[in-house]
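> turn this into a structure:
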Amino acid sequence: MKMDTQRLILLFIFSFSLLMLWEAWDKQSRPKGVAPPAAQQGVPAPAKPGAVTPQKPAAPAGTVPAADATAKGEIIRMTTDLLVAEVDTLGGTLKRVELLHHRDSKDPTKPFVLLGAEHHYEAQSGLSGEAGPNHRTLWRAETGERALAPGRDTVELRLSAAGKDGLEVRKTYTLKRDSYVIDVALELRNMSSAPASTYAYFQITHDGTPDSPTNSVAATFGAQSFIGFSVYSEEKKYQKVHLTDLDKGKSDHVQQAADGWLAFVQHYFVSAWLPAQGVQRDYVTEKRPDGTYAGRVMIPANVAPGATTLVSAPLYAGPQEQRRLRAAAPGLDLVVDYGFLAIIAWPLFWLLEKYHLFTGNWGVAIILLTVTIKVIFFPLSAASYKSMAKMKLVTPRLTKLREQYGHDRQKMNQAMMELYKTEKINPLGGCFPILVQVPVFIALYWVLLAAIELRHAPFMLWIHDLSALDPYYVLPILMTATMVLQTRMNPVPPDPVQAQVMKFMPFVFSIFFFFFPAGLVLYWLVNNVLSILQQWQIQRMFDRDKPAHVKR
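Got it, this is the predicted structure:
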């Protein structure tokens with residue numbers, strides 16, 4: 001029963017600090033992907049262990065067709081209202097995707113590059129095995145429009161290539177207006193007299209390293225979002241595939257399904273292959289010998305002589321905007337990383353989004369959300385502050401008891417409990433209300449860190465990006481001032497050591513807020529101001545109504 005509200009606050013601050021330090025250590029110690037050599041990447045094996053064996057024997061795993069050293073592709077650039085896509089005819093690979101409505105982290109004058117050479121981030125597709133064609137084949141591009149014309153909703157790029165066993169393949173990229181979904185279709189035509197059985201693959205590659213942070217100190221202290229592959233199926237639901245597990249040769253996710261998708265996830269953005277529901281597919285993730293990582297969907301394709309078969313898998317390559325993710329595929333919105341308290345985070349973001357629709361400003365929406373949370377928890381907060389007010393009244397008497405029985409802790413505790421009983425004070429009365437609110441704070445913390453809607457979103461005056469640091473540290477300084485004021489409003493712990501710790505804790509804890517996004521600091525600052533006003537009012541009412549025998 002010795003634990004009081006001050007100790008609980010101290011425990012919470014200490015636990016939160018450990019969480020930040022753990023995430024910083026995890027980020028620094030996480031193995032980084034090794035940059036791949038200049039050589040071309042290998043073609044996926046025709047089947048993986050446990051997959052359906054093709055009717056026709058295929059090339060051994062890991063074998064690739066001989067590369068033509070003189071082959072050189074053409075870069076074809078396609079443009080829509082939302083993105084710019086570049087396809088290399090050598091491999092028919094989607095080499096680069098620029099998101100026109102999202103700015104680069106380091107140079108806001110440039111669009112954000114999602115797929116690109118910096119991280120060996122590509123979307124590859126073709127037929128597995130030596131027969132091909134695959135992402136090492138030289139494809140032929142048909143002529144056509146390369147930019148989305150006024151009045152049109154789609155723009156297409158058609159490529160064609162022939163394999164070794166009589167298979168002719170036409171690959172079609174279709175980009176659509178107001179969409180980050182790129183349709184990728186492989187049309188297989190069997191020109192031989194024998195049936196063909198193969199696998200079509202749709203693959204994402206990445207070197208495993210996150211985008212270079214603009215502030216290395218902020219990246220060290222700030223929480224790090226998940227980066228790696230994820231697989232979704234109706235049976236297993238959402239499964240993360242950590243790159244550290246792939247480093248160890250582990251690949252713990254659903255291997256075969258007739259639904260779902262495979263994605264590469266990073267902070268704010270995602271690319272995902274989205275095969276149609278009801279189509280049997282294999283999911284494969286691995287770390288390759290060159291140090292890069294690959295995740296792919298493999299779909300069996302059987303083509304009768306003279307027949308044609310179509311295999312397709314749309315690719316979502318864009319921001320983690322929840323409305324777009326939900327529209328693209330079932331469960332794709334789960335890539336938004338809200339941590340282990342997602343069940344609380346989802347309704348918080350929903351409310352935050354509603355406030356933004358009403359105000360048009362994400363900073364104002366954060367303030368309104370903070371006020372809403374404060375109103376909801378008002379009864380609990382009031383109970384906590386009343387308990388603090390009672391404790392504050394008896395603090396001088398507790399100090400005398402500590403001085404009187406300092407040599408005998410058992411008698412001191414008995415005397416303290418008698419005092420609590422006489423004054424009808426529950427020393428734990430302020431604990432439960434605080435504990436209830438902690439999960440909500442942590443959930444909102446992840447909402448504000450994960451929401452791409454806050455990226456480059458201005459608030460007012462000097463705050464031009466709620467997802468970045470306050471450039472002049474005004475909000476963290478104000479935050480520190482409110483924490484100091486709150487500490488002085490709380491009862492002083494009888495233990496001198498604990499009192500000194502609580503005196504300096506606001507300054508220690510506030511260090512983290514100098515490296516947190518402005519949106520998160522804004523929430524804490526508003527929350528603290530409201531808490532101070534509420535505590536002041538309750539203390540004022542308590543002083544007015546307290547019994548006469550304790551006014552002495």
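
> which stretches in the stretch 451-552 of the chain count as helices?
474-489, 496-513, 518-545 (DSSP state H, counting those that start in this stretch).

> try the stretch 251-400 of the chain
Using DSSP H, counting those that start in this stretch, the helices of the stretch 251-400 of the chain run over 322-328, 342-359, 362-376, 378-404.

> mean pLDDT lowest where, among those helices?
Here the lowest mean pLDDT among those goes to helix 378-404, at a mean of 70.

> could you point out which element follows it?
helix 409-422 (DSSP states H and E).

> make sure Leu522 is actually in contact with Leu475.
Yes - counting by C-beta atoms under 8 Å, Leu522 does reach Leu475; the two are 6.1 Å apart. From N, CA and C alone the C-beta is placed, and that goes for glycine too.

> list the residues that contact both of those two?
Ile463 (C-beta atoms under 8 Å, 6 or more residues apart in numbering).

> give me the phi and psi for the residue nearest to the spatial centre of the chain.
A centroid search over the chain (C-alpha atoms, centre = their mean) returns Asp337, at 3.5 Å, as the residue closest to the centre. Main-chain dihedrals, Asp337, degrees, to the nearest 10: phi -90, psi 100.

> pLDDT value on it, please?
Confidence score, pLDDT, at Asp337: 85.

> ok, it - contacts?
Ser225, Phe226, Val265, His267, Trp446, Ala450.

> ok, Lys400 to Ala450 distance?
For Lys400, the distance to Ala450 equals 51 Å [C-beta to C-beta, to the nearest Å].

> how about the closest residue to Gly519 other than its chain neighbours, what does it touch?
Once flanking residues are discounted, Gly519 sits nearest to Leu466: 3.6 Å by C-beta to C-beta, 6 or more residues apart in numbering. Residues near Leu466 by C-beta under 8 Å, 6+ apart: Trp362, Gly363, Ile366, Leu448, Leu454, Ala457, Pro458, Phe459, Pro517, Ala518, Gly519, Leu522.

> now the buried members of those residues.
Among the contacts of Leu466, the ones that count as buried by 16 or more other C-beta atoms under 10 Å are Trp362, Gly363, Ile366, Leu448, Leu454, Ala457, Phe459, Pro517, Ala518, Gly519, Leu522.

> out of those residues, which comes closest to Pro44?
The closest of the buried ones among the contacts of Leu466 to Pro44 turns out to be Leu454 (C-beta to C-beta; 37.7 Å).

> identify the residues contacting the residue nearest to Gly306 when sequence neighbours are not counted.
Using C-beta to C-beta, 6+ apart and skipping residues adjacent in sequence, the residue nearest Gly306 is Asn190, 6.4 Å away. Contacts for Asn190 (C-beta under 8 Å, 6+ apart) come out as Gly166, Leu167, Ala196, Val303, Ala304, Pro305, Gly306, Ala307, Thr308.

> pLDDT score for Asn190?
91.

> swap in the one 10 residues further on?
What the model reports for Ala200 is a pLDDT of 95.

> surely it meets Leu310?
No - counting by C-beta under 8 Å, Leu310 is not a contact partner of Ala200; they are 9.8 Å apart.

> overlap of the contact sets of the two?
Leu186, Leu188.

> which one's more surrounded, these two?
Ala200 (25 against 12; other C-beta atoms under 10 Å).

> contact partners for that one?
Contacts of Ala200 by C-beta under 8 Å, 6+ apart are Ser125, Gly126, Leu127, Ser128, Leu186, Leu188, Met298, Ile299, Ala301, Val311.

> in a strand, the second one, correct?
Yes - secondary structure of Gly126, determined by DSSP: H, G, I helix; E, B strand; the rest coil: located in a strand.

> just to check, it is in contact with Leu138?
No - with contact defined as C-beta under 8 Å, Gly126 does not reach Leu138; the gap is 11.9 Å.

> who's more crowded, those two?
Gly126 (27 against 18).

> quick check: closest non-adjacent residue to the more buried one.
Asn134 (3.3 Å).

> hmm, back to that, can you give me phi and psi for the residue nearest to Gly519?
phi -70, psi -20.

> how far away is it from Phe516?
11 Å.

> about what we covered before: mind picking the two most distant members of the contacts of Asp337?
Farthest pair in the contacts of Asp337, by C-beta to C-beta: Val265 and Trp446, 14.5 Å.

> for the protein, name the helix or strand with the lowest mean pLDDT.
The weakest-scoring helix or strand in the chain, judged by mean pLDDT, DSSP states H and E, is helix 216-221 (a mean of 42).

> reformat the helices of the stretch 251-400 of the chain as a markdown table; add distance to Lys95.
Shown next, in a markdown table, are these (distance: least, C-beta to C-beta, whole Å):
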| stretch | distance to Lys95 |
| --- | --- |
| helix 322-328 | 22 |
| helix 342-359 | 33 |
| helix 362-376 | 33 |
| helix 378-404 | 54 |
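
> of all those, which one comes closest to Val97?
helix 322-328 (14.7 Å).

> mind telling me what element Leu114 is part of?
Per DSSP H and E: strand 111-115 holds Leu114.

> top of the contacts of Asn190 by neighbour count?
Ala196 (25 neighbours).

> mind checking pLDDT for that residue?
So Ala196 comes in at 88 (pLDDT).

> contacts only, for it.
The contact partners of Ala196, by C-beta under 8 Å, 6+ apart, come to Lys56, Asp165, Gly166, Leu167, Leu188, Asn190, Ala301, Asn302, Val303.

> which one of the helices of the stretch 251-400 of the chain lies closest to Val87?
helix 322-328 (20.7 Å).

> helices or strands up against that closest one?
The elements that helix 322-328 packs onto, with contact taken as 3 or more C-beta pairs under 8 Å, 6 or more residues apart in numbering; DSSP states H and E, are strand 315-319.

> for the strand it packs on, packing partners?
Under the contact rule (3+ C-beta pairs under 8 Å, 6+ apart), strand 315-319 is packed against strand 93-103, strand 111-115, strand 181-190, strand 269-273, helix 322-328.

> next, the angle from that strand to strand 111-115.
Strand 315-319 runs at 150 degrees relative to strand 111-115, counting by axes from the mean of the first three to the mean of the last three C-alpha atoms, to 10 degrees.

> could you pull out the buried residues of strand 315-319?
Leu315, Tyr316, Ala317, Gly318, Pro319.

> of those, closest to Tyr232?
Tyr316 (12.2 Å).

> isn't the closest one right up against Ser271?
Yes - using C-beta under 8 Å, Tyr316 is in contact with Ser271, at 6.7 Å.

> got any residues that touch both of these two?
Common contacts of Tyr316 and Ser271 (C-beta under 8 Å, 6+ apart): Ala263.

> how close does the closest residue to Val364 other than its chain neighbours get to Trp446?
Of all residues not flanking Val364 in the chain, Tyr355 sits nearest, at 7.3 Å (C-beta to C-beta, 6+ apart). Distance, Tyr355 to Trp446, by C-beta to C-beta: 18 Å.

> and the two? Which one has more around it.
Per other C-beta under 10 Å, whichever of Tyr355 and Trp446 has more neighbours is Trp446, with 23 against 19.

> just confirm that one is within a helix.
Yes - Trp446 forms part of a helix when assessed by three-state DSSP.

> of all the helices of the stretch 251-400 of the chain, which lies closest to Ala276?
helix 322-328 (12.5 Å).

> what sits up against that closest one?
Contacts of helix 322-328 with the rest of the structure, by C-beta under 8 Å, 6+ apart, involve 180-181, 270, 272, 274, 314, 316, 318, 332-333, 335-336, 349.

> need those residues in JSON lines (columns: distance to Ala117).
Converted to JSON lines, the contacts of helix 322-328 look like this (distance: C-beta to C-beta, whole Å):
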{"residue": "Tyr180", "distance to Ala117": "20"}
{"residue": "Val181", "distance to Ala117": "23"}
{"residue": "Val270", "distance to Ala117": "19"}
{"residue": "Ala272", "distance to Ala117": "21"}
{"residue": "Leu274", "distance to Ala117": "24"}
{"residue": "Pro314", "distance to Ala117": "24"}
{"residue": "Tyr316", "distance to Ala117": "21"}
{"residue": "Gly318", "distance to Ala117": "19"}
{"residue": "Leu332", "distance to Ala117": "26"}
{"residue": "Asp333", "distance to Ala117": "29"}
{"residue": "Val335", "distance to Ala117": "24"}
{"residue": "Val336", "distance to Ala117": "27"}
{"residue": "Phe349", "distance to Ala117": "34"}
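
> alright, I will stop here.
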